[in-house]
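Engineer: A predicted structure for the sequence below; I have some questions about it.
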Amino acid sequence: MSALFNFRALLRVILLLICTCTYIHSQWPSLLAKYKNHSMLGAFWKCARIGERASPYVSLACIFMAISQFND
């Protein structure tokens, strides 16, 4: 089933996208910063910003996602 129709899979994809963009932005800040005002690629910069500003909540969400993976 596609992640579009499965809510848990969609949340997992969004959470992994936020974590990946935050990691890329921390390693190579100019890579995402140059697309900051771009309409489509600016979403990656926004995901990195969410990961930086809400990092405790993103970390907790990653922990809960890992625990839920063990329960499946």
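Structural biologist: Okay, I see it.
Engineer: number of residues surrounding residue 69?
Structural biologist: 10 (other CB atoms under 10 Å). Glycine gets a C-beta too; all of them are placed from N, C-alpha and C.
Engineer: now do residue 62
Structural biologist: Residue 62: 15 neighbours (other CB under 10 Å).
Engineer: do residue 32 as well
Structural biologist: So residue 32, with other CB under 10 Å, has 20 neighbours.
Engineer: element containing it, please.
Structural biologist: Per DSSP states H and E: residue 32 is located in helix 29-33.
Engineer: ok now that helix, how far from the chain's centre?
Structural biologist: Taking CA atoms, centre = their mean, to the nearest Å, one finds the center of helix 29-33 at 16 Å from the center of the full chain.
Engineer: so what does it touch, helix or strand wise?
Structural biologist: When contacts are defined as 3 or more CB pairs under 8 Å, 6 or more residues apart in numbering; DSSP states H and E, helix 29-33 sits against helix 7-27, helix 42-53.
Engineer: so how far is residue 27 from residue 9?
Structural biologist: Using CB to CB, to the nearest Å, one obtains 27 Å as the distance from residue 9 to residue 27.
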